[in-house]
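Peer 1: Turn this into a model:
(2 chains)
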Amino acid sequence: MRLMGQLGEWFDQRLQLGRPIREVMEHPVPRQTASWWYVFGSAALTIFMFQFVTGILLALVYVPSAGEAWSSLQTLNHQITLGWFIRALHGWGSNFMLAIVIIHMVQVFLFGAYKFPRELTWLLGVFLLLFTLGMAFTGQVLRFDQDAYWGLGIGASIASRVPVLGPALVKLLLGGPIIAGATLSRFFALHVFVIPGLLIGFVGLHVLMVLKLGVNEWPMPGRIVRRATYVREYHELTAKEGVPFVPYAIWKDIVFSGFILLSIALCAVMLGPFGPGGQPDPTIIQTAPKPDSFFLWIYALLSYLPPAAETPILLIAPLIGIVVLLVLPFFAGEGEKSWKRRPIAVLVILVAAVSLGTLTHLGQHTPWSPVMDAWSGQPIPAEYLKNRTPLEHEGALVFQSKQCHNCHSLAGEGGQRGPALDRVAVRLTPDQLVRQVIQGGGNMPAYGKNLSPAETTALVKFLETLHPAGQRPAQDASRAIAETDQH
Amino acid sequence: MTSSKDVSRRGFFAKIGLLFNGMVGAALAVPIVRYLASPVTRERKGEYDSWLPLGSLDKFPAGETRLATYRNPMVNAWDGETADIACWVRNVDGKKFQVFAVNCAHLGCPVRWFPQSNLFMCPCHGGAYYQDGSRASGPPERGLFEYPYKVQDGKLLIHAGEMPTPGRSASNSKGCSSCG
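Peer 2: Numbers count the residues shown, from 1 in each chain, chains lettered A, B, ... in the order given. Next comes the predicted model:
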């Protein structure tokens, strides 16, 4: 024991870190902040270090070469002992990282922790969020499979829409004229050197400021932040009812971090690693690329924006969002901290959560994508074909063979790009059906050139049978009169 | 012994030193920026696009649309299969051809050809195109990207080498009146 003490003294004489570490440990924090609400920042830091370690472990095997990356991932998954587990840890760690960072940010926002004098801490935090998203996207690229390949194509297509600079940006992003070896190499450099370097620097400053400025006190309705008096009031508070950070507050941080690491490990064991999916061969076009879960909401947004609004919204909205986050502490640096007195703040969080949640949910189900094999793989249900005339059967055949089923569902089967057709005969008269099939419109291609008159007639006859048993199909009143006149 | 005169002289030297470092830094920045901008400057020199054979004409029967692949002209040894690019070749009437990029004009996903309904469909956001590449429906703002082509010694050649994106649409933006 005495030897340990002597050894410690020897090091401290040279390092001189003992006192600052003791100061950090003993610095008083307001008693109420030793709370389970204050554990997310430290958990994010823990996962960051965890990702660092698992990332290095993967780099021992992974080959950042377009020709070999995919097979090196296969080797990790199948050849190397527990390689799949390390991949799963890193992949699940990334999901947890983003989730915890976002929860941390919401908590900081709702507790008014970004207000004076912690504006810069918030600012660095915004950049940390962007870097984390950058890590998620570049990491998805390093899992060099079909999704990564076409995801890069989507990224390049978005970048190309920047006025004037677009084509040059695409070349810089891809490192050449196409997605290839140079692309993977630069994303590897970003994921492994550039962004982690920035993260280390920004995380260091972020944590330093939390320690220097003190952790945000528990917000009380009516306790107003004023630039002139805040620092004095905070020190009075910590002097009066402060507790040393270690162990009063830190034990919850430690327990929660442990819980998160355990959750990551459990997810990794039970659900396994992410991919890789199909090999990144651009000549294999039988693929429906999809981004990772945290980018699904963008993917969904891109299908719902009207074409003309897409480019401006894609390019301008993210900038506006980032600027709003950056100026927030300067716009609202004083005043109430408690969320109980900040209804708009609460509303903003609710709207953002509902929007992102809805878009992500839609992104998982992609109702806007045609089901590419519905025409050959999902037959029309038998009850839609019973007691039908041969002509109507012929129409059902046209419905399948002309890929109508890829975009239109029957009895819940098939694509949802266009409206479900189970009751189409109630909505459209025979003439309207013919017009819609031949001319298209309302987001449907025109089939005029691709259907013979006989095929069109048969198809419309089949569509006319699609109505509930007790409900009459739609009819053109004038047509009925015209037909009676002929008799 | 330090006098204030001494300090200001040392301070002056330090400033000179900083200036010197700044000059060296600026000089070094030039090659570094040129290195980083290489993917852009090489395009300016026209190194990316060239005429590439897609194979003999009988691979593309009249009136049909077939998938063809080619090896990208600018290629590194470690590109692997990513340097193999696919395109759709439409033989209009035995004499006239159309060669489309597989990349959807919306966000670049690979479109698939359905000969039964004569449509190209995109699996990502549901863009659809007619057989001549023109836009049929969905989010794309334009038709499919088209490569210039020519027929030489019974072979079909296209002018390609760069991934087409909505901002710059393959070689067709240059126009190609002499092709075909």
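Peer 1: Any stretches of chain B with poor pLDDT?
Peer 2: Scanning chain B for pLDDT under 70 picks out B:1-6, B:168-180.
Peer 1: mind redoing it with 80?
Peer 2: Across chain B, the ranges flagged by pLDDT under 80 are B:1-7, B:43-47, B:167-180.
Peer 1: domains of it?
Peer 2: B:4-36, B:49-174 (automatic domain parsing).
Peer 1: Of the ones you listed, which is nearest residue A:143?
Peer 2: domain B:49-174 (14.5 Å; CB to CB). Where C-beta positions appear, they are placed from N, C-alpha and C, glycine not excepted.
Peer 1: Quick check, residue B:52 in contact with residue B:74.
Peer 2: No. Using CB atoms under 8 Å, residue B:52 is not in contact with residue B:74; the gap is 11.1 Å.
Peer 1: Identify, out of the domains of chain B, the most deeply packed stretch.
Peer 2: domain B:49-174 (a mean of 20; mean count of other CB atoms under 10 Å in any protein chain shown).
Peer 1: Report the distance from that one to the chain centre.
Peer 2: Taking the mean of its C-alpha atoms, domain B:49-174 sits 13 Å from the chain's own mean (CA atoms, centre = their mean, to the nearest Å).
Peer 1: Which stretch among the domains of chain B approaches chain A most closely?
Peer 2: Evaluated over those, closeness to chain A peaks at domain B:49-174, with 2.7 Å, by CB to the nearest CB.
Peer 1: Is chain B within reach of stretch A:377-391?
Peer 2: No. Remark: stretch A:377-391 sits outside contact range of chain B, by CB under 8 Å from any CB of the partner chain, the gap being at least 13.6 Å.
Peer 1: Residue B:23 falls within a strand, correct?
Peer 2: No. Assignment of residue B:23 by DSSP: H, G, I helix; E, B strand; the rest coil gives helix, placing it outside any strand.
Peer 1: rewinding a little: so which of the domains of chain B is nearest residue A:55?
Peer 2: Of all the domains of chain B, domain B:49-174 sits nearest to residue A:55, with 21.8 Å by CB to CB.
Peer 1: before we move on, what SS does residue 90 have?
Peer 2: Assuming you mean chain A. helix.
Peer 1: was after chain B, sorry
Peer 2: State at residue B:90, reduced to three classes by three-state DSSP: strand.
Peer 1: need the contact list for it.
Peer 2: B:64, B:65, B:97, B:98, B:99, B:100, B:131, B:132, B:133 (CB atoms under 8 Å, 6 or more residues apart in numbering or on different chains).
Peer 1: do the same with residue A:147
Peer 2: Contacts of residue A:147 by CB under 8 Å, 6+ apart are A:140, A:275, A:277, A:289, A:290, A:291, A:292.
Peer 1: which among those gets closest to chain B?
Peer 2: Of those, the one sitting nearest to chain B (CB to the nearest CB) turns out to be residue A:289, at 5.8 Å.
Peer 1: That closest one contacts residue A:152, correct?
Peer 2: No. With contacts counted by CB under 8 Å, residue A:289 stays clear of residue A:152, the gap being 9.8 Å.
Peer 1: more neighbours, those two?
Peer 2: Between residue A:289 and residue A:152, counted using other CB atoms under 10 Å in any protein chain shown, residue A:152 has the larger neighbour count: 26 against 23.
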